[in-house]
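Student: generate coordinates for the sequence data below:
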Amino acid sequence: MGGSTNSTGWQQLVDGVDLPFHRDLVVPTLREVRLAIPNPEPVADVVEAARSAVTSTLGAAVTPGMTVAVGGGSRGLTQRVDLLRGTILGLRDLGAEPFVVPAMGSHGGGTAEGQVTMLESLGMTEETLGAEIRATMATVEVARTASGMPIYLDEHAAAADRILPVNRIKPHTCFKGPIESGCTKMAVVGFGKQPGAAQIHSCGPVEMRERLMDGIVALRSTGRLLGGVSSLESAGGNVVDVRGLTSDDVGGEVERRLTERARELVPPLPFDEIDVLIIERGGKDISGTTMDPNVTGRYWVHGLDDLARPRVATIVLLGITEVSAGNVLGIGLADFIPVEVATRIDWQKTYLNCFTAGPSGVRRARMPMVLPDEASCVKAALSMCGKGVHEPKRVVRIRSTLHLTTCWVSESLLGELPPGATLVD
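Tutor: Purely as a prediction, here's the structure:
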């Protein structure tokens, strides 16, 4: 199982296909729509907000000389560098000795070098963060849950006096619960590297939720968890909240309340039915599943229902981000991709991520139809969305499932715009 797909092979495949598009098939004209979304006031200075959050919340828990492993994740957090830099400054203000570890499970191809490269691609270097980065995939078992599940930490994190996850709180893509993606998940899964991620993701959505909550209780009982620094982002891409969490807050009532608020800030596409959804780009920095199911409505996980709305017939994915480095877990959520996307898939990284993800990776890793170009993909989706060639199609185009403030819609959806949405001239 090698790396990226052979581009010549894919091109030869699609070049030999005669696509039977109906001669009367028309690609509808799309109009830009500005969506009415929750958009609270952004945090004015994220560095100082993170610094203050640490000093005001964690001062009583930090002693001079305490070593703290700060978690750097693989997601595309807004102002991620500022969040970590402010956190590190705050810890130094308290007399701690912080360093950064990649806390991203098996991402980055499951290698220490790959994880450092992923941090660098997101702007997180020793120079920008002002702290040493220590990377390893080796882990240490530090605790067990009441049911006997081991809790792992990265060796460097385990050698520190405390760990401190720094993460955005948002809805998860594989399960629903009082706490989903945030500081709890980074502490139990991200810091646990491949084995930590695999055992949480290896089960269905209900057990995954329970294992995560049991895991944070076991980890907290070791005294290794200093607390956390969380952020919330609006759909407009602004950091609207930076919060310091105590060790009791991580996995506790405070993180639960923040999770509820995060759900309100990440609305799904505001249409009941979509015949064709065109997504310009997906990626690991956008969602762990390349495209966020909380936006598209497609989860495709056994035991987890898809959203009641939007109901999307076909999805076209036109590109993947450079930061993804060919890891496209979730590519199966799309129905059509151009050959340019297929040639950039790294199956080694993708399949490692899929095996770590367990049951949720099976259907999501299936290969969509590969067609020559964007136009072919869109026409194929229009042809196969379940509507007759002469019927009007509900078509929506978005840049990505992250920071969804505008979209482009076909004429048949103009009468179904949500309250507050406006056409852009």
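
Student: got the domain boundaries for this structure?
Tutor: Following automatic domain parsing, the chain resolves into domains at 7-37+267-423, 46-265.

Student: which of the ones you listed comes out lowest on mean pLDDT?
Tutor: For those, mean pLDDT drops lowest on domain 7-37+267-423, to a mean of 90.

Student: how far off centre is it?
Tutor: 16 Å (C-alpha atoms, centre = their mean, to the nearest Å).

Student: same check, this time on stretch 256-273
Tutor: Relative to the centre of its chain, stretch 256-273 is centred 15 Å away, using C-alpha atoms, centre = their mean.

Student: if you count neighbours, what's buried in it?
Tutor: 258-259, 262, 265-271 (16 or more other C-beta atoms under 10 Å). Bear in mind the C-beta positions are built from the backbone N, C-alpha and C, glycine included.

Student: want to throw the residues you listed into a markdown table with distance to Ile88?
Tutor: Output for those, formatted as a markdown table (distance: C-beta to C-beta, whole Å):
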| residue | distance to Ile88 |
| --- | --- |
| Leu258 | 22 |
| Thr259 | 25 |
| Ala262 | 24 |
| Leu265 | 26 |
| Val266 | 28 |
| Pro267 | 33 |
| Pro268 | 36 |
| Leu269 | 37 |
| Pro270 | 39 |
| Phe271 | 43 |
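
Student: now distance to Ser287 and secondary structure too, for those residues, in a markdown table please.
Tutor: Formatted as a markdown table, these follow (distance: C-beta to C-beta, whole Å; DSSP: H, G, I helix; E, B strand; the rest coil):
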| residue | distance to Ser287 | secondary structure |
| --- | --- | --- |
| Leu258 | 19 | helix |
| Thr259 | 17 | helix |
| Ala262 | 14 | helix |
| Leu265 | 15 | helix |
| Val266 | 11 | coil |
| Pro267 | 15 | coil |
| Pro268 | 13 | coil |
| Leu269 | 14 | coil |
| Pro270 | 19 | coil |
| Phe271 | 20 | coil |
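
Student: which one among those residues gets closest to Arg363?
Tutor: Nearest to Arg363 out of the buried residues of stretch 256-273 is Pro268 (C-beta to C-beta; 19.8 Å).

Student: and the gap between the closest one and Asp346?
Tutor: 30 Å (C-beta to C-beta, to the nearest Å).

Student: part of a helix, is Lys393?
Tutor: No: counting by DSSP: H, G, I helix; E, B strand; the rest coil, Lys393 is not part of a helix but coil.

Student: that one against Asp275, yeah?
Tutor: Yes: the criterion here is C-beta atoms under 8 Å, and Lys393 meets it with Asp275 at 4.5 Å.

Student: quick one, which of the domains of the chain is packed in tightest?
Tutor: Comparing the domains of the chain on average neighbours per residue, with mean count of other C-beta atoms under 10 Å, the densest one is domain 46-265 at a mean of 21.

Student: centre of the chain to that one, how far?
Tutor: Chain-centre distance of domain 46-265: 14 Å, with C-alpha atoms, centre = their mean.

Student: start at 779 instead
Tutor: Yes, from this point I'll number from 779; that puts the last item at domain 824-1043.

Student: beta partners of Ile911?
Tutor: Counting by DSSP bridges, Ile911 forms beta bridges with Val878.

Student: excluding chain neighbours, what is closest to Asp992?
Tutor: Thr923 (4.2 Å; C-beta to C-beta, 6 or more residues apart in numbering).
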